[in-house]
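[1] What follows is a protein structure lacking sequence information:
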């Protein structure tokens, strides 16, 4: 008889496979959460093709790919879960699982695993498209790769937890996107994904600094832009230490919020 | 006699269970017992409390008061080990649309410590031909059989079936009954809620009729309720007449004296579960109206 912990991990891994199958077979979710950053990269990269940022010698595409990868974290974790969990709550997926001996932790292992795999696949496509079509330089220094990995992991954990917590906001599966996408768009516009962050109004910068995306985007720029570009940042540095602190605070907050708000059944039905 | 009584073990035992939603009383003190290996059908109109009662016993909802035990465990405090012994078939599910039948059943088998063989379960519910199809492409009846497959994949000791054959054609329903009969013969305890009285008649050892949050009658399908032996129907002029009686022969000989020759459109049939059910529900409505006045 295997121990419960081993069984939980085995069930969780099984759920990763099932979640991925559902993620990629559901065409809407695959396009909306997975391909959208790639489409945006192609559009923005083409529109601003050959343009540099000021006279820095950095192409806009290079700046934009950092923001798009940070956004990819937001899409594959937060947007994906905040839309799919209300649907699963409504169509009975969650209720069915609740009625089985599957421990809830196996369910969350499945979600986190799915998010990680989807993100890795998405980043691979984003970087490939960036390199092939827009001449983006891939980071090669160990420090840049290390930053890329930890920002990705902390960002995914934070936004996975926040997506699980936010999934309580849409009361119905249908229309969930309408309550989730505006949040994603506002964060992207204010966090320096579509525009150069230092060009944004002060109040907008202050607003974005509360949330993780601004810090993730900035840290991704440290990965994809040369060190000299740090001078263009608002505080003249990449602020990686602060990024780690902000992400860890949001992870702690996410654990609390997800524990308080996550529910298996629709409201008013217990 | 005493030994016999003591040897009865109850897989499900609920005593005076109550549940309110805001001002609405869904269950006003319901007591039911299901012996191990027995099939109990719960009948009742929509909104009578059938689903509330089953979902309390399944561990989905919390009761307000009263006692409940399923396999010796309080369903208000569900554990993983306890859930491993239950099979639950919920009402109208539409989830898991993007997976195939085989993927779904094989995956759910992982949740249980002692699962049945997925291929055998798929065969038992008659979906072998559809094993590679996406669940979202199944017909209503096939989809329901998948739900049953997921309910029995863990080799449950207690199986809950909530309106399992809604939307089935008559042939599919017959096949489904055969499947449930087999599970019964293997000793599975079954709690069935249904709108179909023929289904309860066929499958259930006992039925309980629930109305307005209370059990109004409990007994064997052949004898439940205050029904007479037989129902006699005939015509008088333009009117269809009907009488429930314990002495149909005597009744008809009396009736015959009122007609010169044959009694028009005479028929005599044994009172069915449906007759008993409709009368029980009608009585309940009548008594409630009386109470309110």
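    Done, it's in. Please read these numbers as outputs of a predicted model, since none were measured by experiment. Numbers count the residues shown, from 1 in each chain, chains lettered A, B, ... in the order given.
[2] residues touching the closest residue to residue A:42 other than its chain neighbours, list them.
    Leaving out its chain neighbours, the residue that sits closest to residue A:42 by C-beta to C-beta, 6 or more residues apart in numbering or on different chains is residue A:129, at 6.6 Å. The way it works is simple: take the backbone N, C-alpha and C, and place the C-beta from them, glycine included. Residue A:129 sits next to A:38, A:41, A:42 when contact means C-beta atoms under 8 Å, 6 or more residues apart in numbering or on different chains.
[3] number of nearby residues for the residue in the stretch 101-250 of chain B that chain A sits nearest to?
    For the stretch 101-250 of chain B, the residue closest to chain A is residue B:111, as judged by C-beta to the nearest C-beta, at 4.5 Å. Using other C-beta atoms under 10 Å in any protein chain shown, residue B:111 has 24 other residues around it.
[4] hang on, residue B:154 packs against residue B:111?
    Yes - contact criterion C-beta atoms under 8 Å: residue B:154 and residue B:111 qualify, at 7.0 Å.
[5] Find the residues that touch each one of these two.
    Common neighbours of residue B:154 and residue B:111 (C-beta under 8 Å, 6+ apart) are A:100, A:101, B:84.
[6] Turn those into TSV, including pLDDT and neighbour count.
    Shown next, in TSV, are the shared contacts of residue B:154 and residue B:111 (pLDDT from 0 to 100; neighbours: other C-beta atoms under 10 Å in any protein chain shown):
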residue	pLDDT	neighbour count
A:100	95	22
A:101	94	20
B:84	95	19
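[7] Run through chain A and note the low-pLDDT ranges.
    The model of chain A has pLDDT under 70 over residues A:1-2, A:268-270.
[8] How about the residues of it by chain B?
    By C-beta under 8 Å from any C-beta of the partner chain, the part of chain A that sits against chain B consists of A:1, A:4, A:7, A:10-11, A:14, A:17-18, A:21-22, A:25-26, A:88, A:91-93, A:95-96, A:98-103, A:265, A:270.
[9] what about stretch B:221-236, how long is it end to end?
    32 Å (C-alpha to C-alpha, to the nearest Å).
[10] what residues does that stretch touch?
    Stretch B:221-236 is contacted from outside by B:41, B:200-201, B:204, B:206-207, B:209, B:217-219, B:240-248, B:251-252, B:255, B:263-271, B:273, B:275-277, B:279-280, using C-beta under 8 Å, 6+ apart.
[11] Now, of the residues you listed, which are buried?
    Buried by 16 or more other C-beta atoms under 10 Å in any protein chain shown: B:41, B:200, B:204, B:206-207, B:209, B:217-218, B:244-245, B:248, B:251-252, B:255, B:263, B:271, B:273, B:275-277, B:279-280, out of those.
[12] Let's see which of these end up in helices.
    Per DSSP state H, helices hold the following members of the buried ones among the contacts of stretch B:221-236: B:200, B:248, B:251, B:252, B:255, B:273, B:275, B:276, B:277, B:279, B:280.
[13] The second one against residue B:268, yeah?
    Yes - using C-beta under 8 Å, residue B:248 makes contact with residue B:268 at a distance of 5.2 Å.
[14] What residues sit buried inside the longest helix along chain A?
    Looking across chain A with DSSP H, the single longest helix is helix A:104-134. Neighbour-count burial for helix A:104-134 flags A:106-119, A:122-123, A:126-127, A:129-130, A:134 (criterion: 16+ other C-beta under 10 Å).
[15] so the following helix or strand past that helix versus helix A:104-134, what angle?
    Going down the chain from helix A:104-134, the next helix or strand is helix A:142-166, by DSSP states H and E. Angle of helix A:142-166 versus helix A:104-134, following axes from the mean of the first three to the mean of the last three C-alpha atoms, to 10 degrees, is 130 degrees.
[16] So which other helices or strands are in contact with helix A:142-166?
    When contacts are defined as 3 or more C-beta pairs under 8 Å, 6 or more residues apart in numbering or on different chains; DSSP states H and E, helix A:142-166 sits against helix A:60-73, helix A:80-91, helix A:104-134, helix A:212-224, helix A:240-261.
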